[in-house]
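Trainee: sequence and predicted structure, then a few things I'm wondering about:
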Amino acid sequence: METYVFDDTLEGLLTLVFDWYNRKPGAILVNSEKHYQPSAFNPAYVVSTDAEKATRVATGLQKKLTNAGWRNFYCTFLSELPEAFQHLFQFAVYVFSDVENPEDNYGNASVLYVTQTARKVEREKHHQEAFIRFQQTHDGMYYAPVEPKYNVLPLIAKHFKDRYADQPWIIYDHQRRFGLYYDLRNLEVITIDFQKNNSDNLPAPISEETNEEMYQLLWKDYFKSTNIESRRNIKLQVRSMPRRFWRYLTEKQIY
Amino acid sequence: MNLTRTSEKLQILADAAKYDVSCASSGGNRKNDNKGLGDSKANGICHSFTEDGRCVSLLKILLTNHCIYDCAFCVSRKSNDVQRAAFTVEEVVDLTINFYRRNYIEGLFLSSGIFKNADYTMERLLRIVKKLRTEERFNGYIHLKTIPGASEELIQEAGLYADRMSINLEMPTEAGLKMVAPEKSHEDVKKPLHFVNQQIQIYKADTKLIKSTPKFVPAGQSTQMVVGATPESDMEVMYTADRFYKDYSLKRVYYSGYVPIREDDSLLPSIGSQPPLLRENRLYQTDWLLRFYRFRVDEILNEAHPNLETEIDPKLSWALRNLHEFPIDINTADYDMILRVPGIGVGSAQKIITARRFGKLRTYQLQKLGIAYNRAKYFIRCADTPFLSKDWQPTQIKNFILGNSHGKFQKAATQQLSLF
């Protein structure tokens, strides 16, 4: 069985689907460059990403799928899980096989996988929308560091742009090393070099003028007072708000 | 703003407001089209969770905890010896805006003790929401308490700025309410509920004709009942809830297990007694069955069964009482009946309906779809279920299911052994 290797981009994956129809190699294994380990028995085919091919496959998929179905495909891609790509490939092939409403056949393993993984990603998106905490820096910028489980920044951009239309903000993914920057008009993708000690590149520190510390203290006060001690249920708290988020939650900081 | 003073007020007034359980931020659809602050999501967002496991979605505070009433169940009752405080309009606005900007909250839940009289209080509340919407261009969620007895003009105007309005019933029955709060009655609650509901309908009808009709309480109304303070049965609680859902098209009824707050009280449970968390949980489950699972209230609770079972949830309990309706065939049964199977939720039921168009569903497929198969298996048949299976008795099924599960309340519920 041949292994098809693509370059971790959505275009790469879509080009892979195109090439498969072109070369007709039968069953294949799909792998991304990041996870690929060369093997002695499976020959590899490295896909060279081609924007034109990718667009053709994307339009084809969009034509056969509902908007929700296409979003599921995209979300599953953003999960970056190693097994997701194989399922996405099989899902695409199944969609092109001319069945009616392919995305509804939950009896098909890949269709179910895509639906369920997309749900996980959407849940992570929702968690990020809830648990992101901005801090106002010295120059008026609202800064929020995040470390989402899946690559959800492309999904949450619109939500924050609509909501905080009158304040400049940055949401920075410290794991994937890129961020979103909104300057009251446009949204940009940025990277910050935290290693280089270049002060105009780094987010400014918080200061007295913006009252940031005061609002953080007030929020902690509120968080403490709104708790009902006799109903204490830590298990429920942790289930609803997993500990991996606590690192960046203002109300969970001890100082 | 003075940090220590505001902090003190915030602690007092958040503490007094926390017994109101409503925290929903859903149903709002205010769009940020004026380049202002905030944008309401139809499904709401919980921004944090406190140690009691309840969500924090809104900044829930009282404007003041000074109150002219003396209701036995309330922390802010006149005769209770607690610290009193009051926010200024500016303080509430400032806190809301700055918490919202940092993504701490989804909006504001503003309530108040009654000081002087109803109109005076309502006018203060109105002033805050008006300032938020017009001066600060705030499009976040606002939940406002309607003060019973306030004039209709004030309520009308407040409705133009708030997303949701609510009035608490406090006790499930009139008799219960008279016992703990002789100055209040359900009639006082019904009048404003009816008025706001009527206005919502009028504005809705207008929107169909004129697109620019302003929004009026777009997220609807809700109410809350305290359970466990007075001796009502579950049946009385749910029948009241059902009637209010129907008569006033409420979006939600909340059930709040009574948390004891005073030592010297002959009327109510004393301090140290555990709030009835399990009962509260079962009531919410019943509420869900009414709203999403197409059950009628008298199917679950009736003269023969005036209280909900504590060991098992109301859906399973209904299924065990009505075993003659089961097993159903997953591949042919209609949606309503699939919804009634214990272990199958709304999402899974819809998935089953769409998936079975592609072919008969088998057991392994159902298990993958995400239903609680170990619970559902006694009530369903799939394409590959063996033709003959044993007919279990309700008590047997109940024991199988209980034996397999680890309920969160198991410690609290001690099981009565059956003689036979």
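Mentor: Received it, and whenever you're ready, just let me know what you need. In this text, all values refer to a predicted model and were calculated from it rather than measured experimentally.

Trainee: switch to C-alpha atoms for all contacts and neighbour counts from now on
Mentor: Fine.

Trainee: okay, now residue A:12: neighbour count?
Mentor: When neighbours are counted by other CA atoms under 10 Å in any protein chain shown, residue A:12 registers 21.

Trainee: typed the wrong thing, it's residue A:253
Mentor: For residue A:253, the count of nearby residues is 11 (other CA under 10 Å).

Trainee: just the strands in the chain please.
Mentor: No chain specified, so I'll use chain A. Per DSSP state E, chain A has strands spanning A:2-6, A:28-32, A:44-46, A:135-136, A:142-146, A:169-173, A:178-182, A:187-190. These are given in chain order.

Trainee: nope, chain B please
Mentor: B:48-49, B:55-56, B:58-62, B:107-111, B:141-145, B:164-166, B:221-227, B:252-257, B:328-329, B:380-381.

Trainee: how about these in CSV, adding mean neighbour count?
Mentor: Written out in CSV, the entries for the strands of chain B read as follows (neighbours: other CA atoms under 10 Å in any protein chain shown):
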stretch, mean neighbour count
strand B:48-49, 22
strand B:55-56, 22
strand B:58-62, 27
strand B:107-111, 25
strand B:141-145, 27
strand B:164-166, 25
strand B:221-227, 24
strand B:252-257, 23
strand B:328-329, 16
strand B:380-381, 20
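
Trainee: and those as CSV, adding mean pLDDT and distance to chain A?
Mentor: Formatted as CSV, the strands of chain B follow (pLDDT from 0 to 100; distance: least, CA to the nearest CA, whole Å):
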stretch, mean pLDDT, distance to chain A
strand B:48-49, 94, 6
strand B:55-56, 92, 8
strand B:58-62, 94, 8
strand B:107-111, 94, 12
strand B:141-145, 94, 12
strand B:164-166, 94, 19
strand B:221-227, 92, 15
strand B:252-257, 92, 10
strand B:328-329, 92, 17
strand B:380-381, 90, 17
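
Trainee: follow-up on the earlier one: give me whichever of the strands of chain A is most buried.
Mentor: Mean neighbour count, computed with mean count of other CA atoms under 10 Å in any protein chain shown, is highest for strand A:135-136 among these, reaching a mean of 25.

Trainee: what does the domain assignment say about chain A?
Mentor: In the domain annotation for chain A, the residue ranges read A:2-122, A:132-252 (automatic domain parsing).

Trainee: endpoint to endpoint, the last one covers what distance?
Mentor: The reference is to domain A:132-252. With CA to CA, to the nearest Å as the measure, domain A:132-252 spans 13 Å from end to end.

Trainee: how about the closest residue to chain A within the stretch 101-250 of chain B, what does it touch?
Mentor: Per CA to the nearest CA, the residue of the stretch 101-250 of chain B with the smallest distance to chain A is residue B:102, at 4.5 Å. With CA atoms under 8 Å, 6 or more residues apart in numbering or on different chains as the criterion, the residues that contact residue B:102 are A:133, A:134, A:135, A:136, A:142.

Trainee: check those residues against chain B and report the nearest one.
Mentor: Nearest to chain B among the contacts of residue B:102, with distances taken as CA to the nearest CA, is residue A:134, at 4.5 Å.

Trainee: local confidence estimate at that closest one?
Mentor: Turning to residue A:134, the model gives it a pLDDT of 94.

Trainee: do the same with residue A:185
Mentor: With respect to pLDDT, residue A:185 has a value of 89.

Trainee: and for the one 5 residues further on?
Mentor: Residue A:190 is assigned a predicted lDDT (pLDDT) of 91.

Trainee: ok, residue B:57 next?
Mentor: For residue B:57, the pLDDT comes out at 93.

Trainee: quick check: closest non-adjacent residue to it.
Mentor: The shortest distance from residue B:57 to any residue other than its chain neighbours is 4.5 Å, reached at residue B:46 (CA to CA, 6 or more residues apart in numbering or on different chains).

Trainee: I figured the one you found hits residue B:55, correct?
Mentor: Yes - shown here, residue B:46 and residue B:55 form a contact pair, counting by CA atoms under 8 Å, at 5.8 Å.
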